[in-house]
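Asker: can you look at this prediction? I've put the sequence above it.
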Amino acid sequence: MELLLLGGGGGAAAPKPSHLAYPFVLKAASALSMVELGRQVHAQICKLGFHGDLFVGNSLIDMYCKCSLMEDARKLFDGMPDRDQVSWNSIISGYASCGRTSCSLQLFDEMPASGNAPPKRRHDGLPLAACSSSCNWPAGRWVSSFIDVNAVPVNVMVTTALVDMHCRCGALTEARRRFDEAPQKNLATWNAMMTGYVRGGRPESAVNLFSHMTATSLAPNEITLVNLLSAFASMGALERGKEAHVDLARSGADVNVFLSTALVDMYAKCGEITLACLVFVKAARKDLGLWNAMVTGLAAHGLAAEALTVFSQMSSAGAAPNEVTFVGILSACSHAGLVDAGRENFRKMRKVYGLKPDLEHYACMVDLLGRAGHVEEALAMVEDMEMEPDFVIWGSLLNACRIHHEIELAEKISKAVVFSSSKVANLGCSVLLSNIFASAGMWAEVARVRRLMKETGERKVSGCSWMEAEGAMHRFLVKDTAHDGSSELYVTLDTSLVDGRGGMEERFNGA
DNA sequence: GTAGGGTTAG
């Protein structure tokens, strides 16, 4: 029917469409994911003899790529009489966006330096996007050094893609070097670097980078502010978060659903669940992410009944839950000891919503059942799991054994699982495990865990906190304060803060 | 007339 508009199926009076119309039509078809329409348009293009037109050909490639039909896209690309930069970029980014990094890179490498395509000048970081999305560090490094070795001139987009790729692959220092050395930066570049710091667990660097950004003439956008709020959330920086909220409200800017979510999350993580609820209620639009932020926020505050209420409101509003929602719901039930509600929601998760429970869901259930004394049921659930249980799950089970004095079962589990040679490498929560053994009086097991920890060099990850001083955020690692010198330690801490030297402080001047 | 970088929830 749609083709009638293009005169494809009309009577004799229907005008023949111009080739200029096709790029628009194909763009619309791919935006609406109307694959069949796209194919019909393709057939019509061939019939009318427009398939040799470079713009039409490029649009067809793009359409097939966006519909994830890479085989069709490639066939077309290979059969093209002429290709230009757009043809190459379209197919390379097509492979990139569906995660086929090696195809993307191979084509990038085959891209002719001369001939019927323009020279390798403006390939615009498309393969970098591929490396980013797949966190493919070796490939990313290869493209990165290709750019250096061949002295490829980088525009802002390539710079941003480079920064983003390095961040996603965990190479924050290299990302920052690229960022600092960039000839041109725009808002997206700053946002990419900030996102990298937030996701890489360096919120203080993100905040400091933001300060630098505001010192330039560049104005932040929603993405910048979402990152900023997310940084405050992970630092528990309530006052800074509130200030950002006030600034946002004063600016009169539109608070989109991403910002609402970031605000709800920030308030919840900073302990202000009431303010989180307020933002949630006032949000103009609620999407899955926002519902989830509210449910998980309530769950983390131990407000199980409220979390379940929001969950039912969510269903009434016609929003379908996902796995994240159920992590919130089940952990809420687990914290509150709501055994029946937990069982029922775990059942609904699979039967009603067709969602596959993951390790985290099982962990909630095992903890809930185990604590409530249903140790056998918890064990049966673990044995029924499709995936390998991790140590959080075994730990919950052992903890349940400890509470309910199922020492024999605990010994059985620890012999069969914890100390079986294949699992030793996976020891992830040895401290928890040794505490459980200790409180059950299983001293031989305690000694074994301690020995294993020594052998593998495993140590608990240090906690840390943040302080604002001299206009920058500083991170402090938690150290043992139980010994005699702890008061001195804190004096050292204060002076090191003032003169900016040594000690326990990790300083990130200028992010 | 076609391609192309940066945001939320566990």
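Answerer: Received it, and whenever you're ready, just let me know what you need.
Asker: what residues are up against the spatially most central residue of chain A?
Answerer: Computing the C-alpha centroid of chain A and ranking residues by Cα atoms, centre = their mean puts residue A:199 first, at 7.6 Å. Listed by Cβ atoms under 8 Å, 6 or more residues apart in numbering, the contact set of residue A:199 reads A:167-168. All C-beta atoms are positioned from the backbone trio N, CA, C, and that covers glycine.
Asker: tell me how far the closest residue to residue A:350 other than its chain neighbours lies from residue A:207.
Answerer: In this structure, residue A:350 finds its nearest non-sequential neighbour in residue A:357, 6.7 Å apart by Cβ to Cβ, 6 or more residues apart in numbering. Distance of residue A:357 to residue A:207, given as Cβ to Cβ, to the nearest Å: 37 Å.
Asker: same deal with residue A:170?
Answerer: To residue A:207, residue A:170 is 20 Å away according to Cβ to Cβ.
Asker: quick one, which of those two is more surrounded?
Answerer: Neighbours were counted for residue A:170 and for residue A:207 using other Cβ atoms under 10 Å; residue A:207 has more, 26 against 14.
Asker: was I right about the more buried one contacting residue A:241?
Answerer: No - if you go by Cβ atoms under 8 Å, residue A:207 and residue A:241 don't touch, sitting 10.7 Å apart.
Asker: what do these two both touch?
Answerer: Shared contacts of residue A:207 and residue A:241 (Cβ under 8 Å, 6+ apart): residue A:232.
Asker: anything in the helix or strand harbouring residue A:55 near DNA strand B?
Answerer: Assigned by DSSP states H and E, residue A:55 falls within helix A:54-66. Yes - applying Cβ under 7 Å from any atom of the strand, one finds helix A:54-66 in contact with DNA strand B at A:54-56, A:58-59, A:62.
Asker: now residue A:382: phi and psi?
Answerer: Dihedral pair for residue A:382: phi -60, psi -40, per degrees, to the nearest 10.
Asker: that one reaches residue A:393, doesn't it?
Answerer: Yes - using Cβ under 8 Å, residue A:382 is in contact with residue A:393, at 6.1 Å.
Asker: the two - which one has more neighbours?
Answerer: Comparing residue A:382 with residue A:393 by other Cβ under 10 Å, the one with more neighbours is residue A:393, at 25 against 21.
Asker: quick one: the more buried one is in a strand?
Answerer: No - judged by DSSP: H, G, I helix; E, B strand; the rest coil, residue A:393 forms no part of a strand; its state is helix.
Asker: quick one, domains of chain A?
Answerer: A:369-458, A:465-507 (automatic domain parsing).
Asker: which of these has the lowest mean pLDDT?
Answerer: Comparing mean pLDDT across the domains of chain A, the weakest is domain A:465-507, with a mean of 52.
Asker: what does the stretch 1-150 of chain A put close to DNA strand B?
Answerer: Residues of the stretch 1-150 of chain A lying near DNA strand B (Cβ under 7 Å from any atom of the strand): A:19-20, A:22-24, A:27, A:53-56, A:58-59, A:62, A:84-87, A:89-90, A:93, A:122, A:124-126, A:129, A:132.
Asker: what do you get if the cut-off is 6 Å, keeping everything else the same?
Answerer: Proximity of the stretch 1-150 of chain A to DNA strand B (Cβ under 6 Å from any atom of the strand) is limited to residues A:19-20, A:22-23, A:27, A:53, A:55-56, A:58-59, A:62, A:85-86, A:89-90, A:93, A:122, A:124, A:126, A:129.
Asker: now, the residues you listed that are in helices?
Answerer: Counting by DSSP state H, the part of those found in helices is A:22-23, A:27, A:55-56, A:58-59, A:62, A:85-86, A:89-90, A:93, A:126, A:129.
Asker: tell me the least confident of these?
Answerer: residue A:126 (65).
Asker: how far away is residue A:105 from DNA strand B?
Answerer: Residue A:105 is 16 Å from DNA strand B, where distance means Cβ to the nearest atom of the strand, to the nearest Å.
Asker: could you do residue A:71 as well?
Answerer: According to Cβ to the nearest atom of the strand, residue A:71 stands 19 Å off from DNA strand B.
Asker: who touches both of residue A:382 and residue A:393?
Answerer: Common neighbours of residue A:382 and residue A:393 (Cβ under 8 Å, 6+ apart) are A:362, A:366.
Asker: ok, residue A:108 touching residue A:129?
Answerer: No - using Cβ under 8 Å, residue A:108 is not in contact with residue A:129, being 11.1 Å away.
Asker: ok, these two, which is more surrounded?
Answerer: The neighbour count for residue A:108 versus residue A:129, taken as other Cβ under 10 Å, is higher for residue A:108 (23 against 20).
Asker: pLDDT at the more buried one, what is it?
Answerer: Residue A:108 carries a pLDDT value of 84.
Asker: then the one 3 residues further on?
Answerer: Looking at residue A:111, its pLDDT stands at 81.
Asker: against residue A:86, how distant is it?
Answerer: Applying Cβ to Cβ, the value for residue A:111 to residue A:86 is 12 Å.
Asker: with residue A:400 instead?
Answerer: Distance from residue A:400 to residue A:86, counting by Cβ to Cβ: 61 Å.
Asker: compare the two (neighbour count), which wins?
Answerer: Applying other Cβ under 10 Å to residue A:400 and residue A:86 shows that residue A:400 carries more neighbours, namely 25 against 17.
Asker: just the element for that one, please.
Answerer: Assigned by DSSP H and E, residue A:400 belongs to helix A:391-403.
Asker: elements contacting that helix?
Answerer: Packing partners of helix A:391-403 (3 or more Cβ pairs under 8 Å, 6 or more residues apart in numbering; DSSP states H and E): helix A:359-371, helix A:375-384, helix A:407-413, helix A:430-439.
Asker: what's the angle between it and helix A:375-384?
Answerer: Helix A:391-403 runs at 160 degrees relative to helix A:375-384, counting by axes from the mean of the first three to the mean of the last three Cα atoms, to 10 degrees.
Asker: helix A:391-403 vs DNA strand B: in contact?
Answerer: No - applying Cβ under 6 Å from any atom of the strand, one finds helix A:391-403 separated from DNA strand B by no less than 11.9 Å.
Asker: okay, angle between that helix and helix A:430-439 too, please.
Answerer: Taking the same axes, to 10 degrees, helix A:391-403 and helix A:430-439 form an angle of 10 degrees between their directions.
Asker: now the angle between helix A:359-371 and helix A:391-403, please.
Answerer: If you take the same axes, to 10 degrees, helix A:391-403 sits at 0 degrees to helix A:359-371.
Asker: what's helix A:391-403 in contact with?
Answerer: If you take Cβ under 8 Å, 6+ apart as the criterion, helix A:391-403 is touched by A:359, A:362-363, A:366-367, A:369-371, A:373, A:375, A:378-379, A:382, A:406-407, A:409-410, A:413-414, A:417-418, A:426-429, A:432-433, A:436-437, A:439-440.
Asker: hey, C-alpha coordinates of that helix in CSV?
Answerer: Backbone C-alpha positions of helix A:391-403 (Å, rounded to 0.1, in the frame of the first residue of the first chain) are rendered in CSV as follows:
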residue,chain,number,x,y,z
PHE,A,391,30.3,-17.9,45.9
VAL,A,392,27.6,-15.4,46.8
ILE,A,393,25.1,-18.3,46.5
TRP,A,394,27.2,-20.9,48.3
GLY,A,395,27.9,-18.2,50.9
SER,A,396,24.2,-17.6,51.5
LEU,A,397,23.6,-21.3,51.7
LEU,A,398,26.4,-21.7,54.2
ASN,A,399,25.1,-18.8,56.2
ALA,A,400,21.7,-20.4,56.3
CYS,A,401,23.3,-23.5,57.6
ARG,A,402,25.0,-21.5,60.3
ILE,A,403,21.9,-19.8,61.4
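Asker: residues in contact with residue A:357?
Answerer: Counting by Cβ under 8 Å, 6+ apart, residue A:357 has contacts A:326, A:346, A:349-350, A:365.
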